[in-house]
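Q: structure for the following, please:
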Amino acid sequence: MVAGKILVEGDALPDGSVVTVLARDADETFELGPVAEAELLASIAEADRGDTVPAEQVLRALRGRG
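A: Purely as a prediction, here's the structure:
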């Protein structure tokens, strides 16, 4: 990000393009293929709808596997 704008490498996107930007730290980057990106966006949509599982339930299930 430079001066509040996200710089995109490669071909320029038309004005008004919808993009998804996920970032943890400036030093960490990753790339997703089309299938993984679709899965990630579907998961984000589920979370936005509140379709989640409480952390306690996930941790209990993980503990039960050991």
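Q: can we go C-alpha only for contacts and neighbour counts from here?
A: Will do.
Q: quick check: Pro14 vs Leu7, distance?
A: Separation of Pro14 from Leu7 (CA to CA, to the nearest Å): 13 Å.
Q: out of those two, which sits in the more crowded spot?
A: Leu7 (10 against 7; other CA atoms under 10 Å).
Q: against Asp15, how distant is that one?
A: Leu7 sits 13 Å away from Asp15, going by CA to CA.
Q: kindly format the C-alpha coordinates of whichever helix in the chain runs longest as PDB.
A: In the chain, with assignment by DSSP state H, the single longest helix is helix 34-49. The C-alpha coordinates for helix 34-49 follow below in PDB (Å, rounded to 0.1, in the frame of the first residue of the first chain):
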ATOM      1  CA  PRO A  34      -8.700 -19.600  -8.200                       C
ATOM      2  CA  VAL A  35     -10.100 -22.700  -6.300                       C
ATOM      3  CA  ALA A  36      -8.400 -21.800  -3.000                       C
ATOM      4  CA  GLU A  37      -9.500 -18.100  -3.400                       C
ATOM      5  CA  ALA A  38     -13.100 -19.200  -4.000                       C
ATOM      6  CA  GLU A  39     -13.000 -21.400  -0.900                       C
ATOM      7  CA  LEU A  40     -11.600 -18.600   1.200                       C
ATOM      8  CA  LEU A  41     -14.200 -16.100   0.000                       C
ATOM      9  CA  ALA A  42     -17.000 -18.700   0.700                       C
ATOM     10  CA  SER A  43     -15.500 -19.100   4.200                       C
ATOM     11  CA  ILE A  44     -15.400 -15.300   4.800                       C
ATOM     12  CA  ALA A  45     -19.000 -15.000   3.600                       C
ATOM     13  CA  GLU A  46     -20.000 -17.800   6.100                       C
ATOM     14  CA  ALA A  47     -18.300 -15.900   8.900                       C
ATOM     15  CA  ASP A  48     -20.000 -12.600   7.800                       C
ATOM     16  CA  ARG A  49     -23.400 -14.400   8.100                       C
END
